[in-house]
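> Provide a 3D model corresponding to the input given below.
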Amino acid sequence: MWGLSLVTKTGRQDDDWQRAILHVILSEAKNLSRDETLRFDQGDKLTQYPVAIWPSKLQRMNGSTFMNHVLEMTSENSTGVIGLLNDVFRTSRGVTDQNMATDYPLVFAENNFRFCRLIELDGKVVSHAAIWPRELVVDGERYKVGVLVAVATDPDYRKRNLAATLVQSLMDSLHAEEYDFAVLWTGVPGFYEKLGWHAVSTGGELVTLSRETVLSSVQENKEYAISPFQPDRHLTGVMKLHDDEPLRFARSPDDAAGLLTIPKYSNWVAEKDGEVAAYVVHAHGVNRLGITEYGGEQSGVLHLIKHVMHGLPAGAELPWFLYPDQQDLRTWSQQQGFSTRPLESSKGRGTEMHYIINKARVTPELANRFFVWGVDQA
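Just a heads-up that it's a prediction; the model follows:
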């Protein structure tokens, strides 16, 4: 049900006209809920947005943001982008052995430059935000999803609405290209709430694995041959196991190869009778940590987890992400008495937020089922 519908037949599109329309919308919408939707019908074009984001759109039209400064990433400015992101997310936190370009290779691939937005001031990149376009598969149905990632501003240029301008630019593109919804993880949810995003909880559990308990409880199984993941040998088998999941992001062979060879991942496969029977992803970076993805036979997954824990020092603990549909593994975990806590976001930290664009397709039931597997997290 629409909170407000505005119809105009004029083809006029200049800034004064748009500003006047926005003022009308805001005056009419001031008593509506932030969750209600405004429908803007221009005859040959229908635009719809949550009430919550219209104040930022008016602010942009009034010239108090930097929309005219928004650029797309190019090979010429990419060094400045990665330099900014490394300064904000890596070196400022004492991390010198990771790089944003290799941590998120598909985000910063050349074919995604148009979704990497930036603002340059004083001859340098001072703010950046990106969308990673994905396709969500749920019980065979496919949805267009944008993952908002790498939102950062140089500390000397904050409090000037730069990041909000870039995020709004990307949100406009998601609407224009008819995405179904978007997802992000953040430590500052209030910033995104003002732009129309809302916080969600994924369900599931974050289990703290104990090395000694795993080693004593998982029995040896001679059927499995364990080896490090090798793309030329194991990629097809791992992709098949991933594609068997009822809820997942679609991955092409190139996508899967790129994601499974990101630095700070130690990936293992268990083969049985010459076929990949199970795999696990062991992340050990500043942005990802623990057993974050796995698939295949339960006994094979547990055998691989035992292999990972065996390589850790005595007394070691490791996070294990148990997502809502992993009931058999959850039962095994409970039987071992591991410490657990609710998994409030797919990444295990930060606030997970959604921005719903197509409410007809993205029902509350779908949104409640949604989670993001390990190597797809941004």
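> can you pull the contacts of residue 280?
Residues counted as contacts of residue 280 (CB atoms under 8 Å, 6 or more residues apart in numbering) are 267-268, 291, 293-294, 301, 304-305, 308. (Glycine included, C-beta is placed from N, CA and C.)
> could you measure the nearest residue to residue 242 once chain neighbours are set aside against residue 246, distance?
Setting aside the residues directly before and after it, residue 242 is nearest to residue 295 in space (CB to CB, 6 or more residues apart in numbering), at 5.6 Å. Distance of residue 295 to residue 246, computed by CB to CB, to the nearest Å: 12 Å.
> who's more crowded, these two?
residue 295 (22 against 10; other CB atoms under 10 Å).
> For the helix or strand that one falls within, which helices and strands make contact with it?
For residue 295, the host element (DSSP states H and E) is strand 289-296. Contacts defined by 3 or more CB pairs under 8 Å, 6 or more residues apart in numbering; DSSP states H and E place strand 289-296 against helix 231-243, strand 275-284, helix 298-310, strand 317-322.
> Output the third one as CSV - backbone C-alpha positions only.
Spelled out, that is helix 298-310. Output of helix 298-310 as CSV, limited to C-alpha atoms (Å, rounded to 0.1, in the frame of the first residue of the first chain):
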residue,chain,number,x,y,z
GLN,A,298,28.6,-34.0,7.2
SER,A,299,31.2,-36.6,8.1
GLY,A,300,33.5,-35.1,5.5
VAL,A,301,33.0,-31.6,6.8
LEU,A,302,33.7,-32.7,10.4
HIS,A,303,36.8,-34.6,9.2
LEU,A,304,38.1,-31.4,7.5
ILE,A,305,37.4,-29.3,10.6
LYS,A,306,39.4,-31.8,12.6
HIS,A,307,42.3,-31.5,10.1
VAL,A,308,42.2,-27.7,10.5
MET,A,309,42.1,-27.9,14.3
HIS,A,310,45.0,-30.4,14.4
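> Mind listing residues that contact that helix?
By CB under 8 Å, 6+ apart, helix 298-310 touches 209, 211, 214-215, 218, 221, 224, 226, 266, 268-270, 272, 277-280, 282, 291, 294-295, 316, 318, 320, 328-329, 332.
> what's the answer for the last one, then?
Residues outside strand 317-322 that contact it (CB under 8 Å, 6+ apart) are 204-211, 282, 289-293, 305, 308-309, 312, 329-330, 333, 338, 340, 343, 346, 348, 374.
> just to revisit the earlier point, now restrict the contacts of helix 298-310 to buried residues only.
Using 16 or more other CB atoms under 10 Å as the burial test, these include 209, 211, 214, 218, 224, 268-270, 272, 277-280, 282, 291, 294-295, 318, 320, 329, 332 as buried.
> Show me where the stretch 51-200 of the chain has its strands.
Secondary structure of the stretch 51-200 of the chain by DSSP state E, counting those that start in this stretch: the strands cover 70-72, 116-121, 124-138, 141-153, 181-186, 198-200.
> OK, contacts around the residue nearest to residue 242?
For residue 295, the contact set (CB under 8 Å, 6+ apart) comprises 238, 241-242, 244-245, 278-279, 301.
> Could you report the distance from it to residue 239?
Residue 295 sits 10 Å away from residue 239, taking CB to CB as the criterion.
> hmm, back to that, any chance of the contacts of residue 280 in TSV, plus pLDDT and distance to residue 87?
Output for the contacts of residue 280, formatted as TSV (pLDDT from 0 to 100; distance: CB to CB, whole Å):
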residue	pLDDT	distance to residue 87
267	97	29
268	98	34
291	97	30
293	96	29
294	96	34
301	98	38
304	98	36
305	98	36
308	98	32
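> Save those as a markdown table, and put in distance to residue 78 too.
Listed next are the contacts of residue 280 as a markdown table, based on distance: CB to CB, whole Å:
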| residue | distance to residue 78 |
| --- | --- |
| 267 | 27 |
| 268 | 33 |
| 291 | 33 |
| 293 | 28 |
| 294 | 34 |
| 301 | 38 |
| 304 | 37 |
| 305 | 38 |
| 308 | 35 |
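> Please confirm that residue 216 is located within a helix.
Yes: judged by DSSP: H, G, I helix; E, B strand; the rest coil, residue 216 forms part of a helix.
> where does this protein dip in pLDDT?
Along the chain, the parts satisfying pLDDT under 70 run over 1-65.
> how does it divide up, domain by domain?
Using automatic domain parsing, the domain parsing of the chain gives 4-61, 67-202+348-376, 205-342.
> what's the closest residue in space to residue 284 that isn't next to it in sequence in contact with, if anything?
Closest residue to residue 284 apart from its sequence neighbours, by CB to CB, 6+ apart: residue 264 at 5.6 Å. Shown in contact with residue 264 (CB under 8 Å, 6+ apart): 98, 103, 283-285, 288.
> Residue 226 reaches residue 276, doesn't it?
No: assessed by CB atoms under 8 Å, residue 226 is found out of contact with residue 276, at 11.2 Å.
> any shared contact partners between the two?
By CB under 8 Å, 6+ apart, the residues touching both residue 226 and residue 276 are 269-270.
> got a list of what the closest residue to residue 102 other than its chain neighbours touches?
Of all residues not flanking residue 102 in the chain, residue 263 sits nearest, at 5.5 Å (CB to CB, 6+ apart). Counting by CB under 8 Å, 6+ apart, residue 263 makes contact with 98-99, 102-103, 285.
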